[in-house]
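Participant: Mind folding the following:
(2 chains)
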Amino acid sequence: MKKSFIMLLLFLPLLAKAELVVVAGSGSEFSSLTESEVRQLFSGQLKTVGGKRVQPLDLPVSSKDRESFYTKLMGRSPEQMRAYWTRLIFTGQGKPPREVSSAQELTTLVNSGDYIGYLQMDAVPDNVKVLYRIQ
Amino acid sequence: MSKLYCLGAGAVIALCLPVGATTLEDRIAAAEQRINAIEQQNSEIPVRINGFLTYAIQRTDTIRDALGNDITYGTTGTQWDSRPLSRAGLRLSAKISDKSSAVLQLLGSAEEDYDTSMQWAYLQYDVSPALTWRAGRLVLPLYMHSQYTQAAYAYPWVELPAQVYGTLPVDTIEGLDLTWQFTSGQIRHRLNITWGNAEVPGDGFSGGFQGRDQAGINLNSSLGSWSVRLGYASAQTSLALPDLSALPPPNTGPDLSALSLDSAYGYFASFGTQFDNGRLLVMAEMVRLGIDAPQHWLPTQTAGYITAGYRIGKMMPHLTWAAADSDDDSDCAAAADPAGCQFLLSQNSSRSKSWTIGARYDLISGVALKAEATRFHDFSNSSVTNGVLFSGLPTNGSPMVFRFAVDAVF
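Facilitator: Numbering: from 1, shown residues only, chains lettered A, B, ... in the order given. From the prediction side, this is the model:
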């Protein structure tokens, strides 16, 4: 009994889903963002926070983290977000987040401009700042 | 340490070749440096291209008029027909400066043998982050889904509710608009003011339709999953009608010229609302078109629909009720040619109701499969009997239209 309990504790981290966080470059002026701000930034409804321009980045369309991010944050699947952006593009109201090819590219970009992106908590490198944790 | 020799292609891409990279570490370091060089090109892409493509087929069941003749839905009969709904489009948005861009949208429909037409061509200038000014050929913002009627991937149906979206033959204007985005508390608003002129070429029967000094205002407000849209537009409308009495038999007809529209006041009012929480989708729209025609031969038309859909995984079944009706307040007895007035009245009155059941399946992100069936009924009220969406008045039961489509955006 005791042995299986220890085994369970050992494997618990594998069972738990990775937590996603919204990040900016280490030099970012922001220390945190609210859930509402994050939701509006990633749906094109908000382009500035406190007068400062913020540009969202998306992980590749095949990324499980991207699917998980939009499902948790907006309650929308990647397909629903695609239909949503189609409406905005053809209405001339906005364009979807720039898509990066990897978490490494995301890290590079957030450190080179006014970008924000999302990563797994356990994959956050030292040179980025966590602004919001997806609950 | 090996050297990097870079060939700079403008500021966009720098091609760096490691020379003499012998170890794996050197190569990785060189590759990383190259990736960083490319990734740090933060300048926005100068020309963005978005596109859409729809291949759709439709057919009807057997529909007959009172004399037993076959009648069609638009031009579609009982054979599968891909022409009315299949189309493709490209939207090019070119950045001119940080605040201005030019947008062109090309559309080719199967019905026109994919002859390409310019649906949009406008310049956009961001006066401030909240205020945008546009000038050129714009989409006439009459309906909730006006801006993307051709990009069917954006909505659940194969065909937008025909009673509502077929109310006016005009969908673009040459003019300008201003869009102001603001918030009041938690509610986000988009206020759009449009001015311009619209024109539809003549069809051989009548001269071209013109809407001059077309002025419109619409407000879109949203809070969380809810959004509401209110719109009103007015125009001075002109339509030259022919004198058919001068034609040799058998084409002889009434003299309609006295009933032509000459800068007649016309208005288009609309209300739309939408609820979409990711699972449940409810949409409703109601529109009203009135034109002050001589002897009121053009009845005021009211049309609307309500749709509910529920998303289960990648599938969304949906159900739509739609209707169109006309208020006949004509005074044809006082017309110089009462028969001509009556003829125009009957041609321009509409009355029908329909149920549409359908489903959308998201194959992958960017590609959706759709199927739907529409059953039309109730073609008459106290003064109007008309099968305006059909080639005649269906009398054998309730006509059905079936549609399948694959929609893509890229």
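Participant: roughly how far apart are the residue nearest to the spatial centre of chain B and chain A?
Facilitator: Residue closest to the average C-alpha location in chain B (CA atoms, centre = their mean): B:Thr149, at 2.7 Å. Per CB to the nearest CB, to the nearest Å, B:Thr149 is found 9 Å from chain A. From N, CA and C alone the C-beta is placed, and that goes for glycine too.
Participant: What of B:Ser97?
Facilitator: Taking CB to the nearest CB, one finds B:Ser97 at 16 Å from chain A.
Participant: Then that residue would be within a strand, right?
Facilitator: No - counting by DSSP: H, G, I helix; E, B strand; the rest coil, B:Ser97 is not found in a strand; it is coil.
Participant: could you pull out the strands for chain A?
Facilitator: Along chain A, the stretches classed as strands by DSSP state E are A:20-25, A:48-49, A:52-53, A:55-58, A:98-99, A:115-120, A:128-133.
Participant: so what does the fourth one touch, helix or strand wise?
Facilitator: Okay, so that is strand A:55-58. The helices and strands touching strand A:55-58, judged by 3 or more CB pairs under 8 Å, 6 or more residues apart in numbering or on different chains; DSSP states H and E, are strand A:98-99, helix A:103-110, strand A:115-120.
Participant: Provide the partner residues of B:Ser352 in its beta bridges.
Facilitator: Note on B:Ser352: beta-bridge partners by DSSP bridges are B:Ala324.
Participant: again, but for the one 10 residues further on
Facilitator: Residues in a beta bridge with B:Asp362, per DSSP bridges, are B:Ala368.
Participant: and it, how many neighbours does it have?
Facilitator: For B:Asp362, the neighbour count with other CB atoms under 10 Å in any protein chain shown is 21.
Participant: what does A:Asp114 give?
Facilitator: If we define neighbours as other CB under 10 Å, then A:Asp114 has 18 of them.
Participant: Quick one: low-confidence residue ranges for the chain.
Facilitator: Using chain A here. Judged by pLDDT under 70, chain A has its weakly predicted residues at A:1-17.
Participant: wrong one, I was asking about chain B
Facilitator: Short version for chain B, where the test is pLDDT under 70: B:1-22, B:35-45, B:202-207.
Participant: Next to chain A in this structure, residues from it, please.
Facilitator: Contacts of chain B with chain A, taken as CB under 8 Å from any CB of the partner chain, map to B:35-36, B:39-40, B:42, B:48, B:50, B:52, B:91, B:103, B:105, B:124, B:129, B:132, B:134, B:147-148, B:151, B:153-155, B:188, B:190, B:277-279, B:311, B:314, B:362, B:364-366, B:368, B:409.
Participant: Could you tell me which of the residues you listed count as buried?
Facilitator: B:35, B:39, B:50, B:52, B:91, B:103, B:105, B:124, B:132, B:134, B:147-148, B:151, B:153-155, B:188, B:190, B:311, B:362, B:365-366, B:368, B:409 (16 or more other CB atoms under 10 Å in any protein chain shown).
Participant: Now do the contacts for B:Gln301.
Facilitator: B:Gln301 makes contact with B:Thr167, B:Arg288, B:Leu289, B:Gly290, B:Ala324, B:Asp325, B:Ser326, B:Asp327, B:Ser350, according to CB atoms under 8 Å, 6 or more residues apart in numbering or on different chains.
Participant: Then B:Tyr155?
Facilitator: With CB under 8 Å, 6+ apart, B:Tyr155 has these contacts: A:Ala83, B:His145, B:Tyr148.
Participant: wait, isn't the second one in contact with B:Pro161?
Facilitator: No - checked against CB atoms under 8 Å, the pair B:His145 and B:Pro161 is beyond contact range at 9.6 Å.
Participant: Output the strands of chain A in a markdown table, with mean neighbour count appended to each entry.
Facilitator: Output for the strands of chain A, formatted as a markdown table (neighbours: other CB atoms under 10 Å in any protein chain shown):
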| stretch | mean neighbour count |
| --- | --- |
| strand A:20-25 | 23 |
| strand A:48-49 | 16 |
| strand A:52-53 | 10 |
| strand A:55-58 | 19 |
| strand A:98-99 | 16 |
| strand A:115-120 | 24 |
| strand A:128-133 | 18 |
